[in-house]
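>>> Need coordinates for the below:
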Amino acid sequence: MKRTLTLLLALCLLTPALLKAQDSKAIPGLKGNGQVFYLETFGWENLNDPKGWTAPEGFYMLDPKDIGYNWHWWPNDSLVSSILTREPPMRSTTAENGSLCLFLDQYNEGKDPRVDLDNSIVFPPIDCSTHGSVIVSYQTCFMCYNDSEYWQMLLEVSVDNWVHSAQYDVGWGVRHKGRPNNTSPGVPAIFEANISDVAAGQSNVQFKFTWRNTSLYFWQIDDFSLAEAWDYDLKLKFAEMEWDDKDDNTLASPIFMIPKSQLAGGGNYMNFRGSALNFGEYDSEEAFFEVDIVKNNQNVFHKSSEPKTIPTLIIDTTLIADSYAPVDFGHYLVTYNYQQKDPENTPADNTKTVYFNVTDSVYSHADNTSEENYNWGIEAYGTVDLPNLGHLVGSIYNIFANCEVSSISVYIAGGLADGSIDYCFKLFQVPTEGDDLTPYELLGTSYVIYDSTMIGKWITMALDKDGESEFLEAGDKVYACIEYSNTHTETAIKRYDNLKIGADYSFRLLDAVSVSRGDDYAAWATTGYPAARNVMIRLNINDHSNPIDGVDVGKAMSSLDQNYPNPFSDFTEINYTLANGNEVTLQVRDITGRVVLQQNEGFVPAGKHMLKINGGRLEAGIYLYTLQAGSFTETRRMTVTR
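You can find the predicted model right below:
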């Protein structure tokens, strides 16, 4: 059944927003094939224009505060101000020809006080009269000052020359200095919204991007497109599970690596929750959410929800209130999946997979790959002309059974390696009762000078034991930390070239698992900037009881990501992770199984990598791409459009 009464905003994010629209009649011209019918890539460079660029006819700017600054074209280049911003070029699909940008630092640099903006760019009318559905999409990078309760980032849509308009909050719910969908600098997030109830069948559809009530950083937009919806298209918006910490008053994030001894307290993974949006033209009938856990290629847990109908443009959130208690050492693969009765047009976005591991000695919230180089210095850069001394970044660990700690491991992601930064590891006890709940130091290591050979590696140092403090008891809470000092006094170096720690986004965090302290943050910070991070710091205990598990770790810990962008017409990027170095081959087949493209990457070392496919050599259609690296093989689907 086709519905045309309710519009739901999908941000490729965790929290959607609902918009009510006027009733509309069914529109002829339904295609249901994902066809892109409007594309703006912002290739506006014009060397004959004094400002270096010219917007096409029909685009215009609004500046109600008359600050004299507004949206502008930006070349394929970094965004750099003297102190506040050092952003690499945005890696959008058509990055080479530039992007739309509002670079606030460039305007407010040196101003005291800074000026809050209220600026808009309006698109020329777009004819959607022959389209029975409209999906709006664009690629974006941004960083804002203060939380989104202060500023507004809006996409507005009108079909009557702005007499009325629909407003979409496109700020992604980010916090101070946050990024959309937790992307790394230069990596765009994809915004998508089904605006059929507003725009489908309309001949005069206008779009407006508005940013107001903030004074710092930047917003970039590229590859703005309008497309038809697919017939059957469920999109998994998020999937999560909890760790059972035996406290009914708290939510605990899942643990990536947990020592087997810490399971003695009865811990388990529970409350598996998923949310899917019906992005297609038709209702998803007999749709259900399912969770599988596999160990050594054997299914050890399977649960599914009762089938239901998910109307088009509606989000369904389902809870499977079961639990799974792992028993044996090894790697466990968790797969979340939404299915429906009719064949999915885009099945790749229905599924999410994560791992967790039962170890003998390693306790870790984060996995082995870094999605972000976490730089505490960008927030806690301190006083001008003074160094950063004794800054701390840590992971929070609850102790569920008595144990002896032995060492701490930290993934060093970067920083200026000129001999001016040194660090050590420290373990802090967090009091759980009494008048003074200030964490105090239990154990530590000696300081070492940070150098470039440490970048991209796990660094492990043994704690200096005293025969007593290394023994922790069930119920204890500790911070496993790296403490660093940076003797540079230049603010720009402290903000952007400070010591960086890896951060992981494999799990959806339900509580704070990271903590930081330093300079303006004299007290430990578990909210704000640190709260959204899962820093790669491990606590290692004295236990070496794990026999050979029989798991092919190279296969279990390698992964192949969905290509980006998808669908695509020119180039697309494919990210993958290898647990071990190996010869890598990528093979592309059409739906008949015929090999249409093969790329031999040669020997590729362990870690995260990216390769490109040139879609210009492929006909429009659906393809399967397979990555093979030793014993690891994985296949995903992609779509080429014209």
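>>> Quick one: list the elements packing against the helix or strand where Tyr411 lies.
In the assignment (DSSP states H and E), Tyr411 maps to strand 403-414. On a contact count with 3 or more Cβ pairs under 8 Å, 6 or more residues apart in numbering; DSSP states H and E, strand 403-414 meets strand 372-374, strand 421-429, strand 457-462, strand 471-472, strand 477-486, strand 500-503, strand 537-541. Any C-beta I mention is one placed from the backbone N, CA and C, and that applies to glycine too.
>>> Least reliable of those by average pLDDT, please.
When the helices and strands packed on strand 403-414 are compared by mean pLDDT, strand 372-374 comes last with a mean of 87.
>>> residues in contact with Gly394?
Phe428, Tyr479, Ala480, Cys481, Ile482, Ser514, Val515, Ser516, Val535, Ile537 (Cβ atoms under 8 Å, 6 or more residues apart in numbering).
>>> quick one, what contacts the nearest residue to it once chain neighbours are set aside?
Among residues not flanking Gly394 along the chain, Cys481 sits closest, at 3.4 Å (Cβ to Cβ, 6 or more residues apart in numbering). Residues in contact with Cys481, defined by Cβ under 8 Å, 6+ apart, are Leu392, Val393, Gly394, Ser395, Ile408, Phe425, Lys426, Leu427, Phe428, Val515, Ile537.
>>> is Cys481 in a bridge, and if so with what?
Beta-bridge partners for Cys481, by DSSP bridges, are Gly394, Lys426.
>>> Would you quantify the distance from it to Leu442?
11 Å (Cβ to Cβ, to the nearest Å).
>>> which residues are common contacts for the two?
Leu427, Phe428.
>>> can I get the contacts of Gly394 in a markdown table with distance to Gly621?
Compiled in a markdown table, the contacts of Gly394 are given as follows (distance: Cβ to Cβ, whole Å):
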| residue | distance to Gly621 |
| --- | --- |
| Phe428 | 57 |
| Tyr479 | 53 |
| Ala480 | 50 |
| Cys481 | 52 |
| Ile482 | 50 |
| Ser514 | 44 |
| Val515 | 50 |
| Ser516 | 49 |
| Val535 | 43 |
| Ile537 | 46 |
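>>> Out of those residues, flag the one nearest to Asp160.
Ser514 (48.1 Å; Cβ to Cβ).
>>> For the nearest residue to Val159 once chain neighbours are set aside, which three-state class applies?
Once flanking residues are discounted, Val159 sits nearest to Gln202: 4.4 Å by Cβ to Cβ, 6+ apart. When classified by DSSP: H, G, I helix; E, B strand; the rest coil, Gln202 comes out as coil.
>>> oh, and call the first residue 81 from now on, that's how I've got it
Got it, first residue is 81 now, which makes that one Gln282.
>>> burial count for Gln282?
Taking other Cβ atoms under 10 Å as the criterion, the count of residues near Gln282 is 22.
>>> That one: what's it in contact with?
When contacts are counted by Cβ under 8 Å, 6+ apart, Gln282 is found next to Cys208, Ser209, Val239.
>>> what about it, distance to Tyr656?
Taken as Cβ to Cβ, the span from Gln282 to Tyr656 is 42 Å.
>>> And His256, by the same measure?
Using Cβ to Cβ, His256 is found at 33 Å from Tyr656.
>>> Among those two, which residue is more densely surrounded?
Of the pair His256 and Tyr656, Tyr656 is the one with more neighbours under other Cβ under 10 Å, namely 21 against 14.
>>> Any idea what that one is bridged to?
Leu640, His689.
>>> Would you mind confirming that it makes contact with Gln642?
No - counting by Cβ atoms under 8 Å, Tyr656 stays clear of Gln642, with 10.7 Å between them.
>>> any idea how far Lys315 is from Ser385?
Taken as Cβ to Cβ, the span from Ser385 to Lys315 is 17 Å.
>>> which residues sit in contact with the nearest residue to Lys388 once chain neighbours are set aside?
Closest residue in space to Lys388, ignoring its immediate chain neighbours: Ala367 at 6.0 Å, by Cβ to Cβ, 6+ apart. Listed by Cβ under 8 Å, 6+ apart, the contact set of Ala367 reads Leu314, Ala356, Asn358, Pro387, Lys388, Thr389, Ile390, Asp396, Tyr418, Gln419, Gln420, Lys421.
>>> before we move on, what about Glu167?
So Glu167 contacts Ser158, Leu159, Val160, Cys221, Met223, Pro265, Gly266, Phe298 (Cβ under 8 Å, 6+ apart).
>>> need the contact list for the first one.
The neighbourhood of Ser158, defined by Cβ under 8 Å, 6+ apart, consists of Arg166, Glu167, Pro168, Pro169.
>>> Is it possible to get JSON lines of those residues that adds pLDDT?
Conversion of those to JSON lines gives the following (pLDDT from 0 to 100):
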{"residue": "Arg166", "pLDDT": "86"}
{"residue": "Glu167", "pLDDT": "90"}
{"residue": "Pro168", "pLDDT": "91"}
{"residue": "Pro169", "pLDDT": "94"}
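>>> Please indicate which of those residues are buried?
Buried subset of the contacts of Ser158 (neighbour count, 16 or more other Cβ atoms under 10 Å): Glu167, Pro169.
>>> nearest to Gly495, of the contacts of Ser158?
Nearest to Gly495 among these: Arg166, at 13.3 Å, using Cβ to Cβ.
>>> Give the closest residue to that closest one in space, chain neighbours not counted.
Of all residues not flanking Arg166 in the chain, Tyr576 sits nearest, at 4.6 Å (Cβ to Cβ, 6+ apart).
>>> okay, now that neighbour: neighbour count?
By the measure other Cβ under 10 Å, the count of residues near Tyr576 is 21.
>>> wouldn't it be in contact with Asn455 here?
Yes - if you go by Cβ under 8 Å, Tyr576 and Asn455 touch, sitting 7.2 Å apart.
>>> Could I get the full set of helices for the chain?
With helices called from DSSP state H, the chain shows them at 184-188, 276-279, 571-576, 633-636.
>>> low pLDDT regions in the stretch 131-280 of the chain?
163, 227-229 (pLDDT under 70).
>>> before we move on, the earlier item: tell me the contacts of the residue nearest to Arg166?
By Cβ under 8 Å, 6+ apart, the contact set of Tyr576 is Arg166, Asn455, Gly457, Ile458.
>>> how about JSON lines for those, with distance to Thr606 added?
Shown next, in JSON lines, are these (distance: Cβ to Cβ, whole Å):
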{"residue": "Arg166", "distance to Thr606": "27"}
{"residue": "Asn455", "distance to Thr606": "18"}
{"residue": "Gly457", "distance to Thr606": "18"}
{"residue": "Ile458", "distance to Thr606": "18"}
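>>> For PyMOL, what selects the buried ones among the residues you listed?
Buried members of these can be picked out in PyMOL with the line below, counting by 16+ other Cβ under 10 Å:
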select buried, resi 455+457+458
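>>> farthest-separated two in the contacts of Tyr576?
Taking Cβ to Cβ, the two most distant members of those are Arg166 and Gly457; they sit 11.9 Å apart.
>>> hey, what's in contact with both of these two?
Joint contacts of Arg166 and Gly457 (Cβ under 8 Å, 6+ apart) are Arg575, Tyr576.
>>> Excluding chain neighbours, what is closest to Trp133?
Here the residue nearest Trp133, using Cβ to Cβ, 6+ apart, is Trp153, at 3.7 Å.
>>> In contact with that neighbour, which residues?
Contact partners of Trp153, counting by Cβ under 8 Å, 6+ apart, are Phe122, Trp124, Glu125, Gly132, Trp133, Ala135, Gly178, Ser179, Leu180, Cys181.
>>> Keep only those of the residues you listed that are in strands.
Mapping the contacts of Trp153 onto strands (DSSP state E) picks out Ser179, Leu180, Cys181.
>>> With neighbour count and distance to Val380 as added columns, please give these in TSV.
Converted to TSV, the ones in strands among the contacts of Trp153 look like this (neighbours: other Cβ atoms under 10 Å; distance: Cβ to Cβ, whole Å):
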residue	neighbour count	distance to Val380
Ser179	26	47
Leu180	24	49
Cys181	22	50
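>>> Right, I'll leave it there.
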